[in-house]
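>>> take this sequence and fold it.
(one chain, ligands or ions: 1)
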Amino acid sequence: MNLSERDQKHLWHPYTQHKTASPAIVIKRGEGALLWDENNKEYIDAIASWWVNPFGHSNRFIANAIYKQLTTLEHVLFGGFTHEPAIVLGEKLMEILPKNQQKLFFSDNGSTAVEIAIKVALQYFFNKGEKKTTIIAFENAFHGDTFAAMAASGISFFTEAFQGMLIEVIRIPVPTKGNEQVSFDALAKAIKSKNCAGFIFEPLVQGAAGMVMYEPEALDNLVRICKENKVLTIADEVMTGFGKTGKNFACDYLTEQPDMMCLSKALTGGTIPMAITTFTQDIFDAFYDEDINKALFHGHTFTGNPTGCAAALASLHLLQTQEMQDNLIRVNQRHLAFQKQIKNHPKVTTTRVLGVIFALEIQTESAASYYGSLRNKLYNFFIENGIIIRPVGNIVYILPPYVITDEQLQKVYKVVEKALEIV
Ligand SMILES: Cc1ncc(COP(=O)(O)O)c(C=O)c1O
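Next comes the predicted model:
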């Protein structure tokens with residue numbers, strides 16, 4: 001049996017209907033923005049492998065940091081023990097996070113970072129003797145696949161099977177251009193109608209919805225409304241964090257700062273699964289008590305894993321180099337130039353750019369479904385042409401590793417343009 005056949009014998013892939021899906025492509029090797037399959041076919045990873053990999057595949061600098069850590073202290077339980085990589089990572093993150101963030105809690109992935117934020121929002125009020133059990137979230141949000149994260153997510157067929165089993169969530173419209181007031185009013189109404197503990201949002205860009213973007217001023221206003229009404233705000237920066245929007249965090253565009261932030265994906269440069277949820281001192285203080293029942297009884301076996309911390313420290317170092325900051329500007333400029341060139345194409349309805357994120361919507365006669373035939377046709381076309389892009393319905397987006405070369409980017413743009421001819 002070849003690798004593909006062996007894969008199909010035992011492995012169950014994410015977001016995959018195995019009866020109709022093509023066999024998974026066997027990837028053997030990666031370097032920079034490139035991946036090679038078992039037949040040595042080359043692919044440009046134009047979505048940084050689900051947005052995790054800013055500094056390129058098989059990055060030697062991070063690999064060396066991981067190796068050094070693995071051969072010093074690979075893991076130690078974080079209950080009752082600590083270690084330098086976690087302590088230094090905490091200090092380094094505090095230097096770049098919004099000033100109101102003071103405490104951080106480790107976990108393993110974006111969903112757990114969100115799960116923890118939502119649990120903390122609910123327990124914060126419980127600890128204060130107030131009953132607040134509803135969460136507010138945006139329509140079409142995506143916050144992950146664990147139960148609370150699923151509840152906050154609005155993409156229906158991901159969560160359909162679990163309706164009635166999820167915590168109560170009120171969904172409000174995203175304040176995209178022209179919809180700001182509707183969104184503000186819906187938030188105010190939600191807060192009036194229920195005892196809301198928290199409002200969770202993907203700041204400025206809704207990734208899984210197809211890179212839907214909205215302005216910082218609108219988000220500032222929503223956060224302000226929450227603050228005036230004692231609703232905790234949770235910025236889910238799992239996708240946007242660590243440079244994707246052109247700044248370290250999307251929240252850096254805001255004047256109002258959230259009470260909690262969720263970080264993962266690019267945190268370790270796409271190497272070790274790790275996540276962090278950060279909090280204000282006020283939130284931590286609501287759990288700080290003689291009463292043990294007020295503690296946060298949440299933890300994962302690999303909480304604060306030293307190897308993950310070492311990978312995150314190496315990643316942070318790379319992010320802060322002049323070379324990487326120049327890459328962020330370069331990729332953004334190339335996207336803007338491509339946007340200018342493509343936006344009047346008869347098959348393109350809208351284009352969006354923020355930082356290293358580019359998206360365009362293709363004109364369709366009827367609404368394109370998330371995993372519909374148009375999406376599949378486009379996806380297959382990109383794969384045939386050696387580009388990894390996963391369209392969301394009729395939305396094609398590019399979110400490459402920051403180290404992608406100009407030549408590779410031009411190839412991606414060219415194939416995207418060619419794809420417009422097959423729809
Ligand atoms: C904004 C956001 N939050 C949470 C998640 C879930 O992260 P994970 O897949 O690591 O659980 C994602 C994943 O795409 C995301 O985009």
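
>>> residue of the stretch 51-200 of the chain closest to the ligand, please.
Taking CB to the nearest ligand atom as the measure, the stretch 51-200 of the chain has G110 as its residue closest to the ligand, at 2.1 Å. C-beta: built from backbone N, CA, C; applies to glycine.

>>> so who does that residue touch?
Listed by CB atoms under 8 Å, 6 or more residues apart in numbering, the contact set of G110 reads 143-144, 149, 236, 238-239, 262, 264-265, 275.

>>> quick check: next helix or strand after the longest helix along the chain?
Using DSSP state H, we find that the single longest helix of the chain is helix 322-342. Tracing the chain past helix 322-342, the next element assigned as helix or strand by DSSP states H and E is strand 348-354.

>>> re earlier: packing partners for the longest helix of the chain?
strand 348-354, strand 357-362, helix 406-419 (3 or more CB pairs under 8 Å, 6 or more residues apart in numbering; DSSP states H and E).

>>> returning to what we had before: measure the residue of the stretch 51-200 of the chain closest to the ligand to A208 for me?
11 Å (CB to CB, to the nearest Å).

>>> is I136 part of a helix or strand, or is it coil?
Secondary structure state of I136, per DSSP: H, G, I helix; E, B strand; the rest coil, is strand.

>>> quick one: pLDDT of the residue in the stretch 251-400 of the chain that the ligand sits nearest to?
Here the residue of the stretch 251-400 of the chain nearest the ligand is S264; by CB to the nearest ligand atom that distance is 5.2 Å. S264 is assigned 98 on the pLDDT scale.

>>> which one is it nearest to, not counting chain neighbours?
A275 (3.7 Å; CB to CB, 6 or more residues apart in numbering).

>>> state the distance from the one you found to P85.
16 Å.

>>> higher neighbour count, these two?
The residue with more neighbours, out of A275 and P85, is A275; 27 against 22, by other CB atoms under 10 Å.

>>> so what's that one bridging to?
Beta bridges link A275 to S107, judged by DSSP bridges.

>>> for it, what are its contacts?
106-110, 112-113, 238, 262-264, 267 are the contacts of A275 under CB under 8 Å, 6+ apart.

>>> in the residues you listed, find the pair that's most separated.
Pairwise distances among the contacts of A275 were taken by CB to CB; the largest, 14.2 Å, belongs to F106 and V238.

>>> which one of these two has more residues nearby?
Legend: neighbour count by other CB under 10 Å for F106 and V238, higher for V238 (27 against 24).

>>> that one contacts A250, correct?
No - counting by CB atoms under 8 Å, V238 sits too far from A250 to count as a contact (10.9 Å).

>>> mind listing what D145 touches?
111, 158.

>>> enumerate the residues of the stretch 51-200 of the chain near the ligand.
109-111, 114, 142-144 (CB under 6 Å from any ligand atom).

>>> how about JSON lines for these, with pLDDT and secondary structure added?
Below are those laid out as JSON lines (pLDDT from 0 to 100; DSSP: H, G, I helix; E, B strand; the rest coil):
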{"residue": "N109", "pLDDT": "98", "secondary structure": "coil"}
{"residue": "G110", "pLDDT": "98", "secondary structure": "helix"}
{"residue": "S111", "pLDDT": "98", "secondary structure": "helix"}
{"residue": "V114", "pLDDT": "98", "secondary structure": "helix"}
{"residue": "F142", "pLDDT": "97", "secondary structure": "coil"}
{"residue": "H143", "pLDDT": "98", "secondary structure": "coil"}
{"residue": "G144", "pLDDT": "97", "secondary structure": "coil"}
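
>>> did I read that right, V120 in a helix?
Yes - assessed with three-state DSSP, V120 lies in a helix.

>>> for the chain, which element, helix or strand, carries the lowest mean pLDDT?
helix 156-159 (a mean of 80; mean pLDDT, DSSP states H and E).

>>> who are the packing partners of that one?
helix 147-152.

>>> tell me who's in contact with the one residue sitting closest to the centre of the chain.
Geometric centre of the chain, nearest residue: M239, 2.0 Å, by CA atoms, centre = their mean. By CB under 8 Å, 6+ apart, the contact list for M239 reads 51, 110, 202, 205, 207-208, 265.

>>> kindly report the same for R352.
So R352 contacts 211-213, 358-360 (CB under 8 Å, 6+ apart).

>>> same thing with A113?
107, 236, 238, 262-264, 275-277.

>>> next up, identify which helix or strand it is on.
helix 110-127.

>>> starting at the chain centroid, how far to that helix?
18 Å (CA atoms, centre = their mean, to the nearest Å).

>>> residue ranges of each domain in the protein, please.
3-58+322-419, 64-319 (automatic domain parsing).

>>> most tightly surrounded among those domains?
domain 64-319 (a mean of 20; mean count of other CB atoms under 10 Å).
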